[in-house]
Each structure stands twice: as structure tokens, then as C-alpha cells.
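give me coordinates for this.
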Amino acid sequence: WSSDVCSSDLGLFTSTTDGYESLTPDMLENLTPDGVDALERTTPATPANAIGKLVTAKKWYFASVMNKADADRLNLNGSATLDFPQHYTGTVSATVMSKSEPDDSGKVAVVFACNAALSDTLAMRKTTADVVYSEHTGLRVPLKAVHMDDDAGKEAARHNQQKDKDKQGKPVFFLEGAAC
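As a prediction, the model looks like this:
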């Protein structure tokens with residue numbers, strides 16, 4: 001079965017619909033942790049005659065619940081980097097659109113607005129993301145190849161104290177020939 005789908009509007013078409021198309025950015029502005037939980041539990045109705053949806057805006061949103069300490073590291077209207085390891089290769093740049101007050105358990109609802117990777121993330125609905133607070137480049141070593149030496153760690157800590165540096169814990173040694 002195939003047929004043409006025509007529209008007078010420009011946009012990105014997908015045949016996937018799930019009822020969440022009725023959400024608007026205004027509905028996300030005062031979102032609380034309970035509100036995010038309610039959205040996750042909701043199974044919106046999809047119109048029976050829907051053949052797909054046409055996304056005409058470039059911006060998409062990701063709402064999440066996180067600990068207050070993690071949310072405090074994000075600035076309202078500031079930039080953030082999100083990683084969706086299950087659905088997207090790479091990271092997505094986002095803007096922190098809103099942050100709720102913490103609830104009784106110290107959880108905060110955070111809404112991110114994104115302008116990138118729309119076609120790659122269009123099918124995502126209920127997923128997890130990592131907020132990348134900092135990145136470091138270098139050699140990536142498998143955990144199996146890491147060895148901690150207690151005696152060297154104590155010596156390194158003593159040496160760091162003498163140089164008035166922050167303690168970084170035990171030094172890490174790499175094993176040669178470990179499988180990656």
C-alpha cells in the first residue's frame with residue numbers, strides 16, 4: 001500500500017504517531033516532577049485515521065526529573081549537552097528551558113529545548129539521557145585494563161599534600177595488552 005502525502009507546509013514527515021503530538025511547549029513551562037511522571041504514565045489516544053505527522057518546527061523538547069544537586073549545575077536559559085546513548089550516536093546541544101522547584105524528595109523537573117538532530121531523534125518518546133557536564137579527550141581504556149595500587153596511591157596523596165594540590169585519589173596504572 002502506498003500513496004502520496006501532500007501538504008502545503010514544509011516539514012519533516014514521519015509515519016509514526018503516538019498521541020503526544022498534542023503537547024505544546026506552553027504545557028512544559030511549569031512542569032513538576034509529578035507532571036513528568038504523569039506524562040510518562042499517560043497513553044494518549046492516536047486518531048484512528050492518522051497516517052503520520054508533519055513536524056514543522058525545528059525545536060524539540062526533552063523533559064527529565066533529576067536530583068536537585070544535578071539540576072543546580074544547570075543554568076536557566078544556559079546551554080547543556082545531552083547524550084542519548086540508546087538512540088543517537090553523539091551528543092545534542094540543548095538550552096535549559098525550565099527548572100521546577102524541588103519536590104519533597106529533592107527531585108527537580110528540567111525541560112531542555114533542542115534545535116539539532118531532529119530527524120535522528122524524532123521517534124524518541126520515553127528514553128533516558130545523560131547530561132554531560134564536562135568532557136575529556138584522550139585515550140579510552142577498558143575497565144579491565146585498570147589497576148589500582150594502594151601503596152602508590154598513599155605516596156601520591158602525600159606528594160599532592162606537600163605541593164598543596166587537591167587529592168585525586170589513587171593513581172591509575174594501565175595494563176598492556178588488555179582486550180578492548
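
any low-confidence regions in the chain?
Applying pLDDT under 70 to the chain picks out residues 1-2, 118-119, 121, 123, 149-180.

and the strands in it, which stretches?
Using DSSP state E, the strands of the chain run over 12-14, 53-55, 60-67, 79-83, 91-99, 107-114, 130-132, 146-148, 172-174.

tell me which of those strands is the most buried.
Using mean count of other C-beta atoms under 10 Å, the stretch among these with the largest mean neighbour count is strand 107-114, at a mean of 21. Glycine gets a C-beta too; all of them are placed from N, C-alpha and C.

and that strand, what does it pack against?
With contacts defined as 3 or more C-beta pairs under 8 Å, 6 or more residues apart in numbering; DSSP states H and E, the packing partners of strand 107-114 are helix 33-41, strand 60-67, helix 68-71, strand 79-83, strand 91-99.

now those in TSV, with distance to Tyr133?
As requested, those are arranged in TSV below (distance: least, C-beta to C-beta, whole Å):
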stretch	distance to Tyr133
helix 33-41	21
strand 60-67	12
helix 68-71	8
strand 79-83	8
strand 91-99	12
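
Leu12: which of these is closest?
Ranking the helices and strands packed on strand 107-114 by distance to Leu12, with C-beta to C-beta as the measure, places strand 60-67 first at 10.4 Å.

other SSEs contacting that closest one?
The elements that strand 60-67 packs onto, with contact taken as 3+ C-beta pairs under 8 Å, 6+ apart, are helix 25-28, helix 33-41, strand 107-114.

grab the most central residue of this structure for me.
The chain has Ala129 as the residue nearest its centroid, 2.9 Å off, counting by C-alpha atoms, centre = their mean.

what separates that residue from Asn67, distance-wise?
Ala129 sits 15 Å away from Asn67, going by C-beta to C-beta, to the nearest Å.

over to Leu28?
20 Å.

now Trp60
For Trp60, the distance to Asn67 equals 24 Å [C-beta to C-beta].

equivalent analysis for His87, please.
Computed with C-beta to C-beta, the distance linking His87 and Asn67 is 23 Å.

can you check Asn49 too?
According to C-beta to C-beta, Asn49 and Asn67 sit 43 Å apart.
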